[in-house]
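J.: the sequence and its predicted three-dimensional model are supplied below.
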Amino acid sequence: MDFPSVLDRLLESFSQEGIRWALTGGFAMGTLGAARATADLDFLVHRDDMPRVHARLECLGYRRIHHSENVSQYDHPEAAWGSLDFIHAFRPLALEMLGRALDKPRLEGRRMLRVLRPEDVIGMKVQAMANNPARRLRELADIESLIEANRDGLDWDLMKIYFNLFGLQVSYEDLKERFGHA
């Protein structure tokens, strides 16, 4: 995927359409100092904006390969355009995540990226881990990388909400102890 070109086109469209969005997933992790290889772009988008997102993506040649109440996934026939995942924000916690998102400068400095806060990316990782236990080790490794890269400014109380929501209090307590916040 040609991340700079795709982001430029998408973010221009999102801006023109007034789309409420934030990056999450592997690309967001890199922006937050916890680099991880990724092959796609993951967004949290206000559910009410998804019809406009869908229309824009169709104009760019993407095809929707999955759609549910919670997520939409798109693929493009040209590899340079890659795959895109959209998590639909409509529940109170997800809407709060969108409201807390940070504006981070891109390396090229041409455009600001709206990125979920580290605690909220961790919250998404906790949900992924709870939804698919086979991903536990990978998600925990990502969580640890985010904690390490952002340890001085993390809101541990916010992270606790996510771990408790998914019944993973023991994992939270272990992380808190290992990273010196016991």
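T.: All right, it came through fine.
J.: switch to C-alpha atoms for all contacts and neighbour counts from now on
T.: Fine.
J.: any idea which residue sits dead centre in this structure?
T.: Residue closest to the mean C-alpha point of the chain, counted by CA atoms, centre = their mean, is T24 at 1.3 Å.
J.: any idea how far it is from A55?
T.: Look at T24 and A55: by CA to CA, to the nearest Å, they are 22 Å apart.
J.: swap in E96?
T.: As for E96, its distance to A55 is 25 Å (criterion: CA to CA).
J.: wait, is Q127 part of a helix?
T.: Yes. Looking at Q127 with DSSP: H, G, I helix; E, B strand; the rest coil, it is inside a helix.
J.: ok, it to A141 distance?
T.: Noted for Q127: a distance of 14 Å to A141, by CA to CA.
J.: surely the residue nearest to the centre of the chain meets V45?
T.: No. When contacts are counted by CA atoms under 8 Å, T24 is not listed as touching V45 (10.1 Å).
J.: hang on, the earlier thing: between Q127 and A141, tell me which one has more neighbours.
T.: Q127 (17 against 12; other CA atoms under 10 Å).
J.: with adjacent residues omitted, what lies nearest to that one?
T.: Distances taken as CA to CA, 6 or more residues apart in numbering put F166 closest to Q127, at 6.7 Å, once the chain neighbours are dropped.
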